[in-house]
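In: Just to be clear, the model below is a prediction. Sequence and coordinates:
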Amino acid sequence: MTVFDIRDFGATGDGVSPDTAAIQATITAAAGQGTVVIPAGRYLSFSLRLPSHTHLHLSEGAILEAADPHQHGGAY
């Protein structure tokens, strides 16, 4: 199974700006064929769509946190 790192798709994990687009792009690239790896860091995100047969792995120290629509300008 192929491994896809969200940082390779632009995620920062800084806990300040949402990483939704980068995480979803990684999930789309891995769809049905791989594992999406979220490395250590604090990742803010709005809703994500995870297709069947796609794995999501949170590494030690990784935090996937719901972004605040009022503070981060997005929506669920």
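Out: Structure received.
In: CA atoms for contacts and neighbours, from now on please.
Out: Noted.
In: Taking the centroid of the protein, which residue is nearest it?
Out: Ile23 (3.1 Å; Cα atoms, centre = their mean).
In: Quick check: phi and psi on the closest residue in space to that one that isn't next to it in sequence?
Out: Spatial nearest neighbour of Ile23, excluding adjacent residues (Cα to Cα, 6 or more residues apart in numbering): Ile6 at 5.6 Å. With angles defined as degrees, to the nearest 10, Ile6 sits at phi -60, psi -20.
In: Count the residues that sit near Ile6.
Out: Around Ile6 there are 22 other residues, counting by other Cα atoms under 10 Å.
In: residue contacts, it?
Out: Ile6 sits next to Ala22, Ile23, Thr26, Val36, Val37, Ile38, Pro39 when contact means Cα atoms under 8 Å, 6 or more residues apart in numbering.
In: Neighbour-wise, give me the winner out of these.
Out: Ile23 (27 neighbours).
In: ok, that one touching Gly13?
Out: No - Ile23 is beyond contact range of Gly13, at 10.4 Å (criterion: Cα atoms under 8 Å).
In: Might you list the low-confidence residue ranges for this protein?
Out: 75 (pLDDT under 70).
In: What ranges does it have for its helices?
Out: 20-30, 69-72 (DSSP state H).
In: Deepest-packed of those helices, please.
Out: helix 20-30 (a mean of 20; mean count of other Cα atoms under 10 Å).
In: Count the residues that sit near Pro51.
Out: Residues near Pro51, counting by other Cα under 10 Å, number 12.
In: so it touches Ala31, yeah?
Out: Yes - applying Cα under 8 Å as the test, Pro51 and Ala31 come out as touching, 6.1 Å apart.
In: Which residues are in contact with the residue lying closest to Phe9 once chain neighbours are set aside?
Out: Closest residue to Phe9 apart from its sequence neighbours, by Cα to Cα, 6+ apart: Ala22 at 5.2 Å. Contact analysis of Ala22 by Cα under 8 Å, 6+ apart lists Ile6, Arg7, Phe9, Gly10, Ala11.
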